[in-house]
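Model the structure of this input:
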Amino acid sequence: MWGTTPAAAAPAPAGGATALLKRAVKGTTAPASGLGQELLDALLAVANQALKCGYDDELNLALVISDTVLAHRKNSRAGWRLRARLLEALGEEAEAVEAYEKYLTLTDEDGFGVTAKVAGLRVARDRERELLELLKRQVPRAGEFARGDATDVWAEGLALHAAGDWAEAEPRMVGSLIALAADEAPVADRQDLLSQYLDLRICLDTDVTALTEVLALYAEQRRSRMRGPVADPAIGGVKWISLGEFRNRIAGKSICLIANSGRVGASSMGAEIDAYDLVVRFNSYRIDPKHTGSRTDIHATIHKHGFNWEKSVDTRLVFGGISGDWKWSLRNRLVPGAQEFLGDESLRWPVRNIGRLGSDVWPGIPTTGFNMLYLLDFLDVSPTLDLIGFDFYESGAYRVQEAMKLAITSVHEYTSEKDWVMQRAQSVTDMRISLR
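Numbers count the residues shown, from 1 in each chain. The predicted structure follows:
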């Protein structure tokens, strides 16, 4: 049911990155040096890639980089977020929560959903504790084995189960789970053995009521670790709109799309921008009324982060290539009441799903801006369709502060997108590209 691992599996002793972390979790002191911001940014990029790999050697590298960054920049937001993600990956949840909270004290823009992450980890820890207390009551003899070595006790339980003696196996297995929690073993170890125990119990337990109570707590603590609590599953009564309904809402209106570029940030075009019927902004846009205008009617954003999702807009379109990931992000990142209309699945990935441009035709992952522009061009119901400040990052990025360190990723085909735009341009000035 949960992917049972081989029967011989048992808690592994702390080693590798986990052992190093226990010696270094509070941070280390490094000698002063002349490390500049560019080098520190490069180190953080390496650490983030190492963390994605997940193997001991890579986690060790991420740990060393985390220590180095925080030793030189004790208030580095990126450094503390890296440390928190590393702690979470290694199953050290209490320390991960502390690091995440430190990160939150250093930022005003929670674009990575850290607040929800912290809430989820706390709820999960409480539910796991409740689950173990429930198991203690349901399996009273488990306390006899909770004081022994968790690995040995678990092995004894597996052996007794293999011999057909579940009555003696179960107290030992539950005792081992209790011992692991008391020793604050890594979460992955605790969850793995808890999953194995439940797989066995499901096959053998005839008390449906007791089993259902256990499974409900197990599911809630797993779900909370994955996505955090959901305060409003109805998303504040938002009105979903389809492709056709979105077309009707923009028909006949002048539209401008505002780039997150350095050129816009110094443009003094605020009044001109606000004069359009509809103003479209992207992802981690930054507002400076003199230069960028003050109004946002449509916020188009990739689903992978939550920058500006709390800002009040008429319509929010969230783009994403994988339906399941897109739905997860909406459920976890959408702020109830921050939008009146929300694009449904028909508006999820315009270039691929509406334009039918597969990777054989358009190899790069389309940017948020290109998805939005392609959608508007495809619908073709706007008498004015202008791009303001689109220089494809030649002038650098102009974003909310927390997003300024995000890399201008190479997975996008900026050259191809620029060519597509210029082929359709009716007029071009230093600041404005008009497609109508």
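
Does Ala89 touch Glu58 like I think?
No - contact between Ala89 and Glu58 fails when scored by Cβ atoms under 8 Å: they sit 10.2 Å apart. For the C-beta atoms, the positions are set from N, CA and C on the backbone; glycine is no exception.

who's more crowded, those two?
A side-by-side neighbour count of Ala89 and Glu58, using other Cβ atoms under 10 Å, places Ala89 first with 20 against 17.

I'd like the distance between the more buried one and Gly111.
Noted for Ala89: a distance of 20 Å to Gly111, by Cβ to Cβ, to the nearest Å.

just to revisit the earlier point, which residues are in contact with each of Ala89 and Glu58?
Leu51 (Cβ atoms under 8 Å, 6 or more residues apart in numbering).

Can you tell me the element Cys256 falls in?
strand 255-258 (DSSP states H and E).

What of Pro336?
Going by DSSP H and E, Pro336 is not part of any helix or strand.

any chance you could map the strands in the stretch 101-250 of the chain?
For the stretch 101-250 of the chain, applying DSSP state E, counting those that start in this stretch gives strands covering 239-241.

any low-confidence regions in it?
Scanning the stretch 101-250 of the chain for pLDDT under 70 picks out the ranges 229-235.

Neighbours of Leu330, how many?
20.

Helices of the stretch 101-250 of the chain, start to end?
114-138, 150-162, 166-182, 187-204, 208-227, 243-250 (DSSP state H, counting those that start in this stretch).

Just the CA trace of the second one, in PDB.
Which is helix 150-162. What follows is helix 150-162, C-alpha atoms only, in PDB (Å, rounded to 0.1, in the frame of the first residue of the first chain):
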ATOM      1  CA  ALA A 150      15.400   0.000  18.300                       C
ATOM      2  CA  THR A 151      17.200  -1.800  15.500                       C
ATOM      3  CA  ASP A 152      17.400  -5.100  17.500                       C
ATOM      4  CA  VAL A 153      13.800  -4.900  18.700                       C
ATOM      5  CA  TRP A 154      12.600  -4.200  15.200                       C
ATOM      6  CA  ALA A 155      14.500  -7.200  13.800                       C
ATOM      7  CA  GLU A 156      13.000  -9.400  16.500                       C
ATOM      8  CA  GLY A 157       9.600  -8.300  15.600                       C
ATOM      9  CA  LEU A 158      10.200  -9.000  11.900                       C
ATOM     10  CA  ALA A 159      11.500 -12.500  12.700                       C
ATOM     11  CA  LEU A 160       8.400 -13.200  14.900                       C
ATOM     12  CA  HIS A 161       6.100 -12.000  12.100                       C
ATOM     13  CA  ALA A 162       7.800 -14.200   9.600                       C
END
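
buried set for it?
Ala150, Thr151, Val153, Trp154, Ala155, Glu156, Gly157, Leu158, Leu160, His161 (16 or more other Cβ atoms under 10 Å).

quick check, nearest of these to Val279?
Using Cβ to Cβ, Ala150 comes nearest to Val279 of those, at 59.1 Å.

coming back round to it: nearest to Val187, of the buried residues of helix 150-162?
Using Cβ to Cβ, the buried residues of helix 150-162 come closest to Val187 at Ala150, 14.4 Å.

Spatially nearest residue to that closest one, not counting backbone neighbours?
Ala179 (4.1 Å; Cβ to Cβ, 6 or more residues apart in numbering).

Surely that neighbour and Asp152 touch.
No - using Cβ under 8 Å, Ala179 is not in contact with Asp152; the gap is 10.1 Å.

got a list of what the closest residue in space to Gly320 that isn't next to it in sequence touches?
Sequence neighbours aside, Trp326 is the residue nearest to Gly320 in space, at 3.4 Å (criterion: Cβ to Cβ, 6+ apart). Listed by Cβ under 8 Å, 6+ apart, the contact set of Trp326 reads His303, Val318, Phe319, Gly320, Glu345, Arg348.

ok, which stretches of the stretch 301-436 of the chain are strands?
Along the stretch 301-436 of the chain, the stretches classed as strands by DSSP E, counting those that start in this stretch are 313-319, 339-343, 385-388, 427-428, 432-434.

okay if I get the ones you listed as JSON lines plus mean pLDDT, mean neighbour count and distance to Gly54?
As requested, the strands of the stretch 301-436 of the chain are exported to JSON lines (pLDDT from 0 to 100; neighbours: other Cβ atoms under 10 Å; distance: least, Cβ to Cβ, whole Å):
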{"stretch": "strand 313-319", "mean pLDDT": "97", "mean neighbour count": "22", "distance to Gly54": "27"}
{"stretch": "strand 339-343", "mean pLDDT": "95", "mean neighbour count": "20", "distance to Gly54": "34"}
{"stretch": "strand 385-388", "mean pLDDT": "97", "mean neighbour count": "23", "distance to Gly54": "40"}
{"stretch": "strand 427-428", "mean pLDDT": "96", "mean neighbour count": "11", "distance to Gly54": "47"}
{"stretch": "strand 432-434", "mean pLDDT": "96", "mean neighbour count": "18", "distance to Gly54": "43"}
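
can you list these in a markdown table and add distance to Ala251?
Below are the strands of the stretch 301-436 of the chain laid out as a markdown table (distance: least, Cβ to Cβ, whole Å):
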| stretch | distance to Ala251 |
| --- | --- |
| strand 313-319 | 14 |
| strand 339-343 | 15 |
| strand 385-388 | 12 |
| strand 427-428 | 23 |
| strand 432-434 | 19 |
